[in-house]
Each structure stands twice: as structure tokens, then as C-alpha cells.
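Student: predicted model and sequence follow; I will ask about them next.
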Amino acid sequence: MLQYLLKRILIFIPTLLVISLLAFGLSRAAPGDPVEMKLRGFGSDQQNLVNAERIYRETAAFLGLNKPAFYIGLSPAAYPDTLYNILKRDHRENLSKLIAQYGNWEQISAYYQQLLKMNYLLQKTAGQQESNNFRSIRSSIQQLFLAYSDTRITSLLEEAETLALQDSSLQAALQEPILTLHSSYEAIKAKARPERLYIPDIKWYGLDNQYHNWLAGFLKLDFGLSYYDSRPVADKMNDALFWTILINGMAILLAYLLSIPLGVFSAIWKGSVFDRSSTILLFILYSLPSFWIGTMLLVFFTTPEYGMDWFPSIGLGNLPTEAPFWNRFWETASHLGLPVFCLSYGALAFISRQMRGGMLNVIRQDYIRTAWAKGLSSRSVIWKHAFRNALFPIITLFANIFPAVFAGSVAIEVIFNIPGMGKLTIDAITQRDWPVVYTVLMLSAILTMAGILVADFLYAWADPRVSYSRNKQ
Amino acid sequence: MLIGVKKEKDIAEGISRRQAMGESYWAIVRRQFRKNRLAVWSLRLLYLLLFTALSADFIANERPLYCQIEGETHFPVFKQYAVALGLSTWEAQFFQKGWREHDYEKVIWAPIPYSATTIDRKNNNYRAPGDEQDVTSVRFRHWLGTDQLGRDITAGMISGTRIAMLVGVVSMSIAAIIGIFFGALAGYFGDDRFQASRIGLALNILGILASIFYAFSARSFAFSEGTFSVELLKSLGITAAIMGLLNLLARALKRIPFLGKSITLPLDIMVMRLIEIISSVPALLLVLSILAVIEQPSILYVMAIIGLIRWTGIARFIRAELLRIRSLEYIEAAQALGYSEWRIISRHAIPNALTPVLITIAFGVASAILLEAFLSFLSVGVPPEQVTWGSLLRLARSQVSAWWLAIFPGFAIFLTVTIFNLLGEGLTDALDPRLRG
């Protein structure tokens, strides 16, 4: 058994690595700049460029985004291996678009340096210059950071030049830098080396990269900081896990408690009115989408609109923590009634169908006939002989319980606004809060695996004939 | 002469015998299927849904089916297809005024004279089905009410039917193609039968790396500038060219003994690992996180992603069937006849494993439709202007007094999912050899 367990875990390691790569790859491919997202709350400090740059750099370092992305990179030889040093994602992407057209990093880099210098110069002279022309020049230069097509860059540069010529004080201060900038752009075009775009180049970045740091942290159970509110991911998940486990646990318990007798009895009384009606009812329940039922219950039973305001509205109630425990308990319990119902009816239908099937298979067997023939009481035959053997399909279902912690109650948590794992995950995905998304993807994979292993154990426990060790076979 | 006649007769007999056999198999299936009344009714309802989906533009459309203005005859609903394909353009008069504001001499409206996106300003702000509505005649009533903007819910439901059917069909077609391919590889070759020469293997790995570089990495600028689908096709063309060339080279170099030495690839293990990877993350989470990467939401991406994730069930099914079939005598006979492996797989092995896959596909369609409905319910991955059952149901949450928004779309989702589940059950019964009498 131990050998089997070790083998399964060993097989699972590469699977987990691939999932981690997938999650990481998705986060790299996703649009949006996490640093910008994080800084959005503070407002961009346009007045003080040096300060803004420093804050940006510090935030990027804080989030670990100032490192290369991965151990190795495969890109055309035209791309420098230090491109990741340009921290601003939109600048970096714009520069790669320039490289993709001209293939000469030396000139493009010189142009970018000129552009940055120009930006500082404008920042410095901003105190003295207030004219409209100056503002237009400044906005042209700002736009140059995000311009990559030849016509666009040329028109922006020419616009800046003509504007500078119109004003004598501007001419003195800015004409020369603008011309230098223009000539550095012309140099890009003149010394284009597009052939370097077709030479593959494998770059080695070493161990200090974003992926490695994240994975190493994950293995040390340090899941990183949320991009959204800088709280540790583990903290956020702690709070959410409580609610999810609570409602899922209650729902699953309820479902098992009801479905096992339901399945057993409808199998024993096969063909009876009870069996037929319960089969139809359960089939309908099984097909009812829980997010529909959740919405219906929310619409009809939590609002005074239809005269059936029997349940409190969404959320978990907002009694302060000083309120007596039992008050808070009842408040929460009344809020959880509908969600737990929505979560349990589907599982109930599914489990009892499985139970009925398993039981039907068993009661056809000879040993059950023998048990009846021996004159055992029906209770003994059903629960002692048949039931235990009919449990196998239920045990395999057990594997599904673990990943349900993450994805099982997404719909219900969103509808009833319960701050559990499902809602956390959905929010993280829509906010592109990748540290949370990585962690959820990885943990749900681990839990799926754990569920399968637990089901295997239970299987061996319920049926002594099942053995996973090889030498016994 | 006589021999020729006899040969012809033999062929004719063979064909008719084969037909008889083929028919008898399907006849059995059909007879078994017909015994299940629920499944038969589901099939009829499915036909109805498919009909609605196909003719959605003719059932609910703000444009008239036929109209006459100033002596000129127009067929706007038909014309909309030509315009969509770029073959034609609308006359200026149709730009200037809304469809309802023209002075028609003769006009035939669609049964529901609204499109899903038509905004009826006179009847906005959640007009209930039974409420008094500001319409010129009963012909223009909003039978299932309107939403906040004044969009007709009936038209929305019909457009939703089309989306749901499209999602089911497209995503499961993608899933079936991938699933059958991988399942067949794993099942037919197992861990022991796939042989490749050293050079072939090396060049194919090289080819994959080169394709990633030349078709995708080096073309990232082209991707960001051009239309995604066109660029993707070009990239796939480049990939095919690279792989084709390298494989030709491999075929030539195989003659050298050292390079031509064959290696056995454990395809079964590789495919099963891939399946394990995909199924170890809940499908909903995987779909959601992939959708987060896409900047421009489109229902097509949703369908493609569902298809790319939901093939594992089909692959497992085909694999299990082919593991059984591959040791049967007729496969051995085909191998003895010297047929190529691909011919045996595609002509002899897969066709015999295909029917049970219908069951998986039926259940798969149900879950794909449910998944898409849930995604639009969350308004993830589906463009905001797209009206689907899920997006209509979402509206019910913001306006609880609009009961019709909660009941009708949800019931449509429920009905469709149930139909496919019942069809799946019916097929299971019909195709299960143990029940066949």
C-alpha cells in the first residue's frame, strides 16, 4: 500500500509541475500591468516623474516582477536578454514591437534612452513653460512611448518639431533635443537588421526568476501577496476556506444522510410507486442547474416583492462581533439555509441514483438470495449483507468532495454573496489577481489527487479483496 | 464475360449483405431507443430546438421578412445574410430610420418582430408579460416581457437558443476530434506498439521547437497587428510546412542504420498523463482562468476553450474501446494484409468504437451548454451585448421584481440540459449490449 502511495505521488509531481507552468504561462499572457493595477489606487504622480519612476520600480520589486520570467527564453536573436529590465509593461511591449520591425536593439535602445531623457527634460522645464504648445509637445512625447508604427512616430516627431519652432523660448530649449530624438529614430530605420529576427536564440536567465521564486515559495507554503490588496494569499484563503468548508460540509452531510436511505429503499422496492416517483423526482433535481434554482430562490423567497419574504437576503448578516454568540449563530444559520439547500439537492440526486444502481447490482447476487434463504431478517440482509457491498460506487464519489472545496460552490457563493473560496476565485480571476489564481489552481489539483488517493484507501478498506500492493497479486 | 458477371453479382451481394448487417445493427439500436419514451420525446424536442436555432433570424427579427416601399420590394431578413457576408450593402433609407418607422405599402413581419438587441424605448424598464404595453397592436406585444432597456425577452430567448445549440455542437465537435485522436493513439498503440526511428523522433522534436519559434514566437508582432484567426491559420500553415519537410527528411535519413534504429514510444502513458493533467483541475476554474487571458471576449473563444478542455471523457472512452478492439482477429487480419497503421485505425478500429462515444457526447453537450450558461451568468468571456440564456438570467438578480427574467431563461437551460441527459440515458440503454434482446 505504501509503495502504491509513493508511486502515485511520484507520478503526480510532473502533473503538478505542468499545471504550475500552465498557470504561470496564463498569468504572463494575460493583459494588464499588475504594477499599474496596484498603483492605480494612489493616482499617478505626473508632476514628479523621478518620484513616480522610483515608486514604480519599488512596487515592481515588491511584487517580484523585476526579475526575468523563466529559466530560459526562446526568442529571436534580435531581442536583448535584458529586456525584462524595462519594468513598465507597456513600454516593454512597445519596444518589442519596434524590435519586431527593425531587429536592431542597439539603435532602439539608444532611441528609448533619448526618449526618456526628453521626458525628464520636459519635466524639468515644465515649471517655466506653461504655453499650449509646450503641453502639446509633452503629450506627443508621452504618446511616443506607446507608438511603434513608422507613420505614427514620424508624425508625432514632426508635430513636436513644428510646435517647437512656433515659439522662440521653446525653440531654444527643445529644438535640439527633439532633433536628436528624431535622428536617433532615423538611425533605427537606417540600420535595420530584420534578418536577426529569424535566428533563434536560447537565453539562460538562471535560477533567480519569477517562476522559480514563486514555485519555491509555494513549496514553502508561502503563497505570495495578492496583487489586489497586498494581503498574503494564505490569509485571504483562510477566511474564505472557513465559509466554503462550512457550507459544503453541511450540504454534503445532508445529501449523504438523505440519499443513502432513499437509494437503498428505492432499490429494494424497485418498480413501486415510491421508486418510480423518486426516480423521476431525482432525475429532475439532478438536471436543475443550481445557479437557476439559486436565482429563483433569491428572487422569490428573499424579497417582499412576492409576499414570500421567508429568508434573509444575501450575504451573511451583519451583526457586530460583540453581539451574543447565539444571536450571531442564528443570524448566520438563517443566511446559510438557502445556499446549503442549493448545494445539496444536486448531490442528493446524484448520490441516491448511484446508491440505487449499486444496490440493484448487489441484490441480484446469489449470496443475497442465500441470505434470504437462510431466513435472516430483512434488516440484516439489507444493511449487513447488501448495503456494505453496494457502497463502492459511493466511495468513488468521495474523490469528488475534495476539489469541491474550490469549484463546487462557485455559483452559489456568487449568487448568495458568501465570501468563500468560489467567490474569492471568481473575483481573483476577474481582477487578474494572479497569485491567488495560481494558488487556487495548484491547490485544487493537489486536492483532486488527494481525493483520488483517499477513495482508493476507502475502497481497500471497504473491500478486503482490493489490494494495491503488487506482491500479493 | 461470364466471370465478369459473376464478379459483379458477388459484389452486389456483398454490398446488400453489408447493408443488411449495417441496417440490422442500427435497427436494433433504434428499436431499443424507441422503447424509451422519454428519450424519444427528448429527441423530438431537440429537433424543435435545432429548428429554432437554425431559423432564429426568421422567427425573431426587427427587420421585415418582406416589404414594399415606394413600389420597391425588399427582403431585409434575407439581405442581412448578404450584408453580413459583405456581398451587399443596405440602402440609404434603411440607415436613416428604424425598421418600424418606414411607410410600408406591404409588409410581412417575422413572427416576433424584434431582434434580441432591439431596444423598444416605449416599453423599457422591465415591462412584465401581463402588463399593459405601449404597442400599436397585439402583433407587436412583448409576450415574455422586456428588460430594463426595453429589449424583447422572447427574441432574447430565441437568440439564446441559437447560442446554446452552437455552443453544444461546436464545443463538442472540437472535443470529439481531439478526444478521438488522442484516445485512438493511446488505445490502439498502447505502450508497446508505436515505433519511431531515432531520426524521426529527433527531427519531430526539433520540428516542434522550430514551429514554436518560427510560427509563433517570431510572429508575435504579426499576431498583435493582424486578425487573430488569419494569423493563426498562417502560423498553422508554417507549422505544417516545417513538420512536413522534416518528416520527409527523416524518411530519407532513416536508411542509415544508426539513425533508423527504432524506439518504442509509450503513447498510452503519455496520453493518460495529459488527461490526468487536464482533469486534475476543475473544468470551471480552468475555463475561467484561460478566459481571463483573452482581451476581446467572444462566444467563439468560449466554445473553443470548452472543446479544448472537455475532450478527456471521449478520449478515455475511445481508448478503452480500442484497447479491446486492437487484439481482435479482424485487426490482426488487417495487419496481416499489410495495411498501414493509420488506415487500420481510421477505417477499421475507430468506426467500431464510435457508437458508444455518442453517449459521452450527449452528456458532454449538456455540460457544455450548462457551462456556457453559467459563464454568461457571471458575464465572463461573453461580450456584454450578446444575449444568451445565462445573461438574461443574470438580469433577474439585479431586478428581483422581474420574475419573468428568472423563470423563462432558467427553464430553457434546464429543459435543454435535461433533453441531452435523457438522450444520453436513452442511448446508453439502446447501445448497451447486455440489455439487447
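Tutor: Okay, I see it. This is a predicted model, so every value here is computed, not measured. Numbers count the residues shown, from 1 in each chain, chains lettered A, B, ... in the order given.

Student: so residue B:196 touches residue B:266, yeah?
Tutor: No. Counting by CB atoms under 8 Å, residue B:196 stays clear of residue B:266, with 11.7 Å between them. Glycine gets a C-beta too; all of them are placed from N, C-alpha and C.

Student: what separation is there between residue B:181 and residue A:231?
Tutor: Separation of residue B:181 from residue A:231 (CB to CB, to the nearest Å): 44 Å.

Student: then residue A:217?
Tutor: In this view, residue A:217 and residue A:231 are 15 Å apart by CB to CB.

Student: who's more crowded, the two?
Tutor: residue A:217 (15 against 12; other CB atoms under 10 Å in any protein chain shown).

Student: just to check, that one is in contact with residue A:225?
Tutor: No. Using CB under 8 Å, residue A:217 makes no contact with residue A:225, being 10.2 Å away.

Student: excluding covalently adjacent residues, which one is nearest to the closest residue to chain A within the stretch 1-150 of chain B?
Tutor: Residue of the stretch 1-150 of chain B nearest chain A, by CB to the nearest CB: residue B:38 (9.0 Å). Spatially, and ignoring its direct neighbours in sequence, residue B:38 is nearest to residue B:422 (5.2 Å; CB to CB, 6 or more residues apart in numbering or on different chains).

Student: what is the helix or strand containing the one you found packed up against?
Tutor: In the assignment (DSSP states H and E), residue B:422 maps to helix B:403-431. On a contact count with 3 or more CB pairs under 8 Å, 6 or more residues apart in numbering or on different chains; DSSP states H and E, helix B:403-431 meets helix A:273-287, helix A:290-301, helix B:2-35, helix B:37-54, helix B:153-184, helix B:350-378, helix B:389-398.

Student: can you do 6 Å?
Tutor: helix A:273-287, helix A:290-301, helix B:2-35, helix B:37-54, helix B:350-378, helix B:389-398 (3 or more CB pairs under 6 Å, 6 or more residues apart in numbering or on different chains; DSSP states H and E).

Student: redo these as a markdown table? Include mean neighbour count and mean pLDDT.
Tutor: Formatted as a markdown table, the helices and strands packed on helix B:403-431 follow (neighbours: other CB atoms under 10 Å in any protein chain shown; pLDDT from 0 to 100):
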| stretch | mean neighbour count | mean pLDDT |
| --- | --- | --- |
| helix A:273-287 | 15 | 89 |
| helix A:290-301 | 22 | 90 |
| helix B:2-35 | 11 | 62 |
| helix B:37-54 | 16 | 94 |
| helix B:350-378 | 23 | 90 |
| helix B:389-398 | 24 | 91 |
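
Student: quick one: contacts for the closest residue to chain A within the stretch 301-437 of chain B?
Tutor: Among the residues of the stretch 301-437 of chain B, residue B:410 lies closest to chain A, at 3.5 Å counting by CB to the nearest CB. By CB atoms under 6 Å, 6 or more residues apart in numbering or on different chains, the contact list for residue B:410 reads A:292, B:393.

Student: from residue B:134, how far off is the residue nearest to residue B:142 when sequence neighbours are not counted?
Tutor: Among residues not flanking residue B:142 along the chain, residue B:152 sits closest, at 5.0 Å (CB to CB, 6+ apart). Per CB to CB, residue B:152 is found 13 Å from residue B:134.

Student: more crowded one of those two?
Tutor: The neighbour count for residue B:152 versus residue B:134, taken as other CB under 10 Å, is higher for residue B:152 (30 against 13).

Student: measure that one to residue B:111 for me?
Tutor: Residue B:152 sits 12 Å away from residue B:111, going by CB to CB.

Student: ditto for residue A:239
Tutor: Relative to residue B:111, and taking CB to CB, residue A:239 is found at 52 Å.

Student: before we move on, what about residue B:192?
Tutor: 61 Å.

Student: ditto for residue B:54
Tutor: According to CB to CB, residue B:54 and residue B:111 sit 15 Å apart.

Student: skipping adjacent residues, who's closest to residue A:217 in space?
Tutor: residue A:224 (5.9 Å).

Student: wait, that neighbour sits on residue A:437?
Tutor: No. Under the criterion of CB atoms under 6 Å, residue A:224 makes no contact with residue A:437, lying 11.0 Å away.
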